[in-house]
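1. After the sequence you'll find the predicted model.
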Amino acid sequence: MKKIFSITAIVLFFSIQTGFAEPLGLPPVPIPADNPQSKAKIALGEKLFNDPRFSSTGDVSCATCHDAAKGFADGPLKTSEGIKGLTGTRNAPTILNAAFMKSQFWDGREPDLEGQSKGPFINPVEMGLENHDPILTLVRDDRAYWKMFRKVFGLKKKNALTMDHVAKAIASFERTIISGNSPFDHYYFTNNKAAMTPSAVRGFNVFLEQGRCVSCHTVSQTHALFTDSRFHNLNVNFNSISGGVQALAKRQQQEKADGVDLDVSILTDKAVAELGRFVVTGQWRDIGAFKTPTLRNVDLTAPYMHDGSIKTLEDVVDFYNNGGFVKAGDPVNSFQSGGIRPLGLNDTQKADLVAFLKMLTSPLN
């Protein structure tokens, strides 16, 4: 029976930042010097994360799209539903272990969790506020919030409370949502050979060798984040823009120069969304490139890829085995990353690889 996360499991994550060791298989969580962790700040961040009053309709919170019961993602939806049932263009990535990512969002447009946390509030298809002012009004006027902010940040006056304080609290909470200690971790880091099934052990060998998965989903001798935090064009849905990519890229860069908000254009324009990392860097090499997601708890977070277009782990393995094609005859993509090519796995190897991926699910206790 598949183990899933529940909101009560967050109690386990609190201990990570309050004196206990990180879960098996993970390095220490990076903590910014200007935003140290504390129990009070984490509790404030959790409250903010789960509060739907910060949306224009009063019924969407951060937790709506990053649901603890769904591995802090939003399956089975391909793309999340925000206010009034509106949908964007990107699949909601899990927040689990986002603390270790070198950038945030599928295209890396924010460098840290503090920056990331501000965006969804004012995105028209997510939480729908015109600006952050209603949030500040609420947290300043709400007695419980003001008491918590005053204690955590040492504020004296309500008008000293800014969105930076809100963002720091949410980010502090998100840095506690980490997971290791999976069957794989016991197999690999404690040499417990009984921790994984024989099929999963064979699948790990496929992962390391013929499958070449480890090239991007990295594993070291001391920890395993299962991501290189880099950006790659896998050919996922790229055919939807490949015919006019030059004109599209030029239009997007002009809109960016004219001050069009990236969050808005990405979540409301499907074509722009497919440009990937390019919208951030303007570099031609980044056309259609998206960040490598972690594979930890991947069995809990279907559907997959930046647009949620691949339904199951079996389908994902088939996609890579086909060299980045959902089916034979799909258009060739000249921007596709060089490492994406047919793998030649047989049915047994593919099944073993899926069995291994399921060993990356962390228990609740």
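-> Arrived safely.
2. And for the closest residue to Thr301 other than its chain neighbours, the neighbour number?
-> In this structure, Thr301 finds its nearest non-sequential neighbour in Ala73, 4.1 Å apart by C-beta to C-beta, 6 or more residues apart in numbering. The way it works is simple: take the backbone N, C-alpha and C, and place the C-beta from them, glycine included. Each residue near Ala73 was counted by other C-beta atoms under 10 Å, and the total is 27.
3. Now Leu44: which helix or strand?
-> Assigned by DSSP states H and E, Leu44 falls within helix 39-49.
4. Please enumerate residues in contact with that helix?
-> Identification of contacts with helix 39-49 by C-beta atoms under 8 Å, 6 or more residues apart in numbering yields 10, 14, 17-18, 54, 61-63, 66, 139, 145, 148-149, 151-152, 166, 168-174, 176.
5. Of the residues you listed, select the buried ones using a PyMOL command.
-> Remark: buried members of those, expressed as a PyMOL selection using 16 or more other C-beta atoms under 10 Å:
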select buried, resi 10+14+17+54+61+62+63+66+139+145+148+149+152+166+168+169+170+171+172+173+174+176
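6. Contact partners for the residue nearest to Thr301?
-> By C-beta under 8 Å, 6+ apart, the neighbours of Ala73 are Cys65, His66, Asp67, Asn91, Ala92, Pro93, Thr94, Ile95, Leu300, Thr301.
7. can we see that at 7 Å?
-> By C-beta atoms under 7 Å, 6 or more residues apart in numbering, the contact list for Ala73 reads His66, Ala92, Pro93, Thr94, Thr301.
8. Equivalent analysis for Glu114, please.
-> By C-beta under 7 Å, 6+ apart, the contact set of Glu114 is Asn35, Ala167, Lys168, Ala171.
9. Report pLDDT for it.
-> Glu114 is assigned 98 on the pLDDT scale.
10. part of a helix, is it?
-> Yes - counting by DSSP: H, G, I helix; E, B strand; the rest coil, Glu114 falls inside a helix.
11. Please identify the helix or strand for the residue found closest to Ser199 once you drop the neighbours it is linked to in the chain.
-> Spatial nearest neighbour of Ser199, chain neighbours left out: Ala355 (4.1 Å); criterion: C-beta to C-beta, 6+ apart. Using DSSP H and E, Ala355 falls within helix 347-357.
12. What residues of that helix count as buried?
-> Gln349, Lys350, Ala351, Asp352, Leu353, Val354, Ala355, Phe356, Leu357.
13. So the fourth one sits against Arg202, correct?
-> Going back to what we said before, that points to Asp352. Yes - using C-beta atoms under 7 Å, Asp352 is in contact with Arg202, at 4.2 Å.
14. State the distance from Val60 to Asn123.
-> Here Val60 is placed at a distance of 11 Å from Asn123 (C-beta to C-beta, to the nearest Å).
15. next one: Met101
-> 20 Å.
16. Which one of these two is surrounded by more residues?
-> Ranked by neighbour count (other C-beta under 10 Å), Met101 and Asn123 place Met101 first, with 23 against 20.
17. what sits against the spatially most central residue of the chain?
-> Nearest to the mean C-alpha position of the chain, by C-alpha atoms, centre = their mean, lies Pro93 at 3.1 Å. Pro93 makes contact with Ala73, Trp106, Pro293 under the criterion C-beta under 7 Å, 6+ apart.
18. Same question for Pro76.
-> By C-beta under 7 Å, 6+ apart, the residues touching Pro76 are Ala302, Pro303.
19. from now on call the first residue 46
-> In the new count, where the first residue is 46, that last one comes out as Pro121.
20. Next, work out how far apart it and Asn282 are.
-> To Asn282, Pro121 is 18 Å away according to C-beta to C-beta.
21. distance of the nearest residue to His262 once chain neighbours are set aside from Arg386?
-> Of all residues not flanking His262 in the chain, Phe271 sits nearest, at 4.4 Å (C-beta to C-beta, 6+ apart). Going from Phe271 to Arg386 by C-beta to C-beta gives 21 Å.
22. now swap in Gly70 and tell me
-> In terms of C-beta to C-beta, Gly70 sits 29 Å off from Arg386.
23. now do Val281
-> For Val281, the distance to Arg386 equals 15 Å [C-beta to C-beta].
24. Compare these two (neighbour count), which wins?
-> More crowded of Val281 and Arg386, by other C-beta under 10 Å: Val281, with 23 against 13.
25. residue contacts, that one?
-> Val281 touches Met350, His351, Asp352, Ser354, counting by C-beta under 7 Å, 6+ apart.
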